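In: Structure, please.
(one chain, ligands or ions: 1)
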Amino acid sequence: MNSTETTPRPFELACPDLSAERRGNTDTAGVWHFDSGEPGRPVMLTALVHGNELCGAWALKTFLGSGLQPRRGTLTLAFCNLAAFDRFDRQDYLPSRFVDEDFNRVWSPDKLSDPGSSERRRAVEIRPWVERADWLMDFHSMSLSEVPLQMSGVQQRNIDLALKLGTPATIIADAGHAAGVRMRDYGRHGEPGENGTRSLLIECGFHGAPETRDVAIDQMARFLVEAGSVDRADVPPGWFAPDAPRQRAFKVTEAVATPSGRFRYAQPWKGLEILPAGTLIGWEDEQSVVAPYDDCVLIMPAANLRPGVTVLRLAQIVA
Ligand SMILES: [Zn+2]
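Out: Predicted coordinates:
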C-alpha cells in the first residue's frame with residue numbers, strides 16, 4: 001500500500017507539552033547537558049529526529065521531570081527536529097516527519113556543509129553534541145510495525161550491547177539507508193572495530209501507540225545503567241519493563257528502495273514476516289520483488305513511499 005491507500009491508524013499517544021523542555025540549558029535550543037564532575041562516559045539521548053515520533057520526547061521529558069542527574073560522566077539530551085514537531089497533527093501525522101528533508105539522512109560532510117534545508121541547519125547545530133558523545137541512543141517509532149525493534153547497525157559492538165540490554169525481543173543489524181547517512185552512523189559511530197563508541201536506534205512501536213512511551217523510558221533506563229551514567233538503584237523502579245523472554249537478532253542483507261516512488265505491496269505487510277524464497281513482496285514500477293532466500297525476514301515496511309526512499313529491508317536470522 002502506498003500512503004494514499006493506507007487507512008491511518010488512530011494516533012492515541014498524547015502529544016507532550018515541551019514548552020519548558022525545548023529551551024534546553026545550553027546555547028543550543030532543545031539541548032540539555034549535565035556534567036557529573038566525575039570520570040565517566042559522555043552519553044547522549046536524542047528524540048524527535050522525526051517530528052511525529054513522540055515517544056522519545058516523552059522519555060526525555062520524564063527524565064528531566066524526575067530530577068535524576070548523571071552520577072558519572074556527562075549526559076546530553078536533545079530534542080532534535082523541533083521545527084517538524086511544531087507541525088505535528090494527530091489527524092495527519094505523517095507530514096510532520098520533517099520540514100524539508102529527512103533529518104536522519106543528512107549526516108555526511110557534503111550535506112552538512114550545504115545548509116540548503118531546515119534539517120541540515122538543525123543538524124549542524126546538533127553535530128558538536130553528537131561528536132562529543134561516546135554512547136548515543138536515538139529514539140524513534142514506526143508507521144506500520146507494531147513491536148519494538150532495536151536497530152543496532154552492523155557493528156558487532158552495538159549488537160552485543162543490544163543483547164546485553166535485555167529488551168526489546170527483536171534486534172535488527174542494519175546498514176542504514178541508500179538515501180543518506182543516519183545520525184547514529186555519523187563519524188566515529190559508523191567506524192568499524194572497538195573505538196569506545198556505542199550507538200543504538202530504538203524503534204519503540206507504532207507512532208501513535210501509548211505503549212511506545214513506556215518502551216522508550218525502559219530503553220533509556222537500561223542504556224543509562226549500562227553506560228554507567230547512573231546506578232540501577234538511582235532509577236525510578238517504574239521505568240523498567242520486564243526483560244524480554246528471548247532476544248533474536250536479524251541481519252539485514254539488502255534494502256528494497258523505490259526509485260520511482262511507485263512501489264506497491266503485494267500484501268499489507270507489518271514487518272517480521274518470515275517468507276520462503278520466491279514469495280512475492282510487491283512491485284517496483286511493475287517489476288516483481290520476491291524473497292531472494294528462505295527464512296527471509298521483512299523489516300519495517302514504510303508507509304510513505306516517495307521516490308528514493310527505502311521501502312523495506314530483508315534480513316536473515318542470526319541469533
Ligand atoms: Zn524515525
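In: Just the helices from the stretch 201-319 of the chain, written as ranges.
Out: Secondary structure of the stretch 201-319 of the chain (DSSP state H, counting those that start in this stretch): helices at 211-227.
In: residue ranges for the strands of it, please.
Out: For the stretch 201-319 of the chain, the strands defined by DSSP state E, counting those that start in this stretch cover 248-257, 263-265, 274-275, 280-284, 287-290, 296-299, 310-317.
In: Excluding sequence neighbours, find me the nearest residue to Arg198.
Out: Closest residue to Arg198 apart from its sequence neighbours, by Cβ to Cβ, 6 or more residues apart in numbering: Trp135 at 4.7 Å. Where C-beta positions appear, they are placed from N, C-alpha and C, glycine not excepted.
In: so which residue of the stretch 101-250 of the chain comes closest to the ion?
Out: His140 (3.4 Å; Cβ to the ion).
In: which residues does that residue bridge with?
Out: Glu203 (DSSP bridges).
In: Check the one 10 residues further on too.
Out: The bridge-partner assignment for Gln150, based on DSSP bridges, gives Ile171, Ile202.
In: got a pLDDT number for the residue lying closest to Glu273 once chain neighbours are set aside?
Out: Spatial nearest neighbour of Glu273, chain neighbours left out: Leu298 (4.7 Å); criterion: Cβ to Cβ, 6+ apart. Leu298 is assigned a pLDDT of 96 by the prediction.
In: cool, Glu146 as well?
Out: Glu146 is given a pLDDT of 80.
In: what's the answer for the one 3 residues further on, then?
Out: What the model reports as pLDDT for Leu149 is 94.
In: residue contacts, it?
Out: By Cβ atoms under 8 Å, 6 or more residues apart in numbering, the contact set of Leu149 is 142, 168, 170-172, 202-203, 271, 299-300.
In: Most neighbours among those residues, which one is it?
Out: Ile202 (30 neighbours; other Cβ atoms under 10 Å).
In: That one and Gln219 touch, don't they?
Out: Yes: counting by Cβ atoms under 8 Å, Gln219 is a contact partner of Ile202 at 4.8 Å.
In: Show me whatever sits in contact with both of the two.
Out: With Cβ under 8 Å, 6+ apart, Ile202 and Gln219 have common neighbours 137, 139, 168.
In: Name the nearest residue to the first one, ignoring sequence neighbours.
Out: Using Cβ to Cβ, 6+ apart and skipping the chain neighbours, the partner closest in space to Met137 is Phe223 (4.7 Å).
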